[in-house]
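> Attaching a predicted model along with its sequence, questions to come.
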Amino acid sequence: MKDNTKIQLLAIDLDGTTLRNDASLSQNVKQALEHAIQQNIFVVPCTGRALGSLSPEITAISGITYAVTSNGAAIENLLLGKRIYCNLLDKETALSIMDILSSEDVMIEVFIQGKAYTEQRFLNHLTHYGTSEHYIPYVLSTRNSVDDIRSFIEQSPQNIENINLKTADCALRKRLWHELTLMQTVSITSSSSMNIEVSAVNTGKAQAVAHLCKVLGITMNEVMAIGDSLNDVMLLQQAGCSVAMENGVDEVKQAADFITLSNEADGVAYAIEHFLANRKMK
């Protein structure tokens with residue numbers, strides 16, 4: 001990042017980054033985000049979550065106008081309640097993925113029109129599929145139960161933002177990751193060691209943020225991005241200023257200009273304060 005570059009947009013991952021392990025927002029991080037907004041910086045949540053699963057503590061912050069959701073499948077104007085961009089999986093591709101998964105012991109979620117759907121049988125056994133205890137309340141409060149995922153996809157009038165797969169079986173995850181990467185019409189990423197996130201080809205946080213920058217009349221060199229997982233890597237590589245969380249995976253740290261504290265230690269606040277102090281946000 002050039003010393004004279006002015007940060008215009010702060011792209012923040014949520015889980016494992018802005019939020020603590022229990023999915024809550026600390027007061028220090030909240031105040032740091034508000035401080036950035038006061039400096040006329042666009043603060044943009046960039047998350048694998050669907051719109052309807054966004055943290056209310058985040059969306060309640062005055063001045064947060066846009067959100068990149070479902071790993072870049074959509075950009076939402078939160079103030080207007082309007083989607084300004086989307087890149088969706090077509091049904092044919094989604095059903096091909098379902099064929100691959102038909103006999104596998106893996107939890108399947110689909111994100112459609114900002115909502116997350118899964119089958120009740122998965123919700124009844126979340127820990128079996130790798131959901132940690134402190135995330136169970138979040139999952140149960142944000143997932144909509146359907147009888148059969150495949151039938152739901154077939155009957156849905158809309159295309160799919162994201163298909164999220166969860167398994168605690170590392171060997172199964174590795175095999176499915178390999179099989180899915182053979183498809184030419186999807187993008188594969190992950191936000192944890194126990195999931196696989198499937199979107200349309202050329203979908204990602206980086207592509208969505210680049211689109212939003214064009215809308216706002218700024219450049220990617222004026223973006224500061226903060227993240228912790230594989231689904232943040234490309235965004236960090238393309239942002240003018242990139243920050244990895246101390247708790248982040250190695251690939252994220254390798255892509256970053258700066259490594260901040262962990263999400264449990266208010267690392268986002270520390271990073272914002274660091275760059276404000278260095279006048280790169282003023």
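Thanks, I have the structure now.
> Just confirm I84 is within a strand.
Yes. Looking at I84 with DSSP: H, G, I helix; E, B strand; the rest coil, it is inside a strand.
> Please work out how many residues are found near the nearest residue to G227 once chain neighbours are set aside.
Leaving aside its sequence neighbours, G227 sits nearest to D13 (Cβ to Cβ, 6 or more residues apart in numbering; 4.0 Å). Every residue, glycine included, has its C-beta placed from N, CA and C. As a burial measure, D13 scores 29 neighbours (other Cβ atoms under 10 Å).
> For D13, give its distance to L165.
20 Å (Cβ to Cβ, to the nearest Å).
> Equivalent analysis for T17, please.
According to Cβ to Cβ, T17 and L165 sit 21 Å apart.
> check contacts around L9.
The contact partners of L9, by Cβ atoms under 8 Å, 6 or more residues apart in numbering, come to I41, F42, V44, V209, L212, C213, L216, I218, E222, V223, M224.
> One more pass at 7 Å, please.
Contact analysis of L9 by Cβ atoms under 7 Å, 6 or more residues apart in numbering lists I41, F42, V44, C213, I218, E222, V223.
> Now the last one. Its backbone dihedrals?
As for V223, its main-chain torsions (degrees, to the nearest 10) stand at phi -100, psi 140.
> is it in a bridge, and if so with what?
Beta-bridge partners for V223, by DSSP bridges, are L9.
> Please say which of T17 and L165 ends up with more neighbours.
Neighbour tally, T17 and L165, criterion other Cβ under 10 Å: the higher count belongs to T17, 30 against 25.
> need the contact list for the more buried one.
T17 makes contact with I226, G227, D228, M245, N263, V268, according to Cβ under 7 Å, 6+ apart.
> can you tell me how far the second one sits from V233?
Here G227 is placed at a distance of 8 Å from V233 (Cβ to Cβ).
> which neighbours do those two share?
If you check G227 and V233 against Cβ under 7 Å, 6+ apart, the residues they both contact are V252.
> the more surrounded of the two?
Using other Cβ under 10 Å as the criterion, G227 and V233 rank with G227 on top: 32 against 24.
> Start and end of stretch 106-116, how far apart?
Distance across stretch 106-116, first residue to last, is 16 Å (Cα to Cα, to the nearest Å).
> Sort out which of the contacts of T17 are in helices and list them.
Those of the contacts of T17 mapping onto helices are V268, per DSSP state H.
> So which of the contacts of T17 wins on neighbours?
With neighbours taken as other Cβ under 10 Å, the top of those is G227, carrying 32 neighbours.
> how about that residue, what does it touch?
Applying Cβ under 7 Å, 6+ apart to G227 gives the contacts D13, T17, L235, L236, A244, G248, V252.
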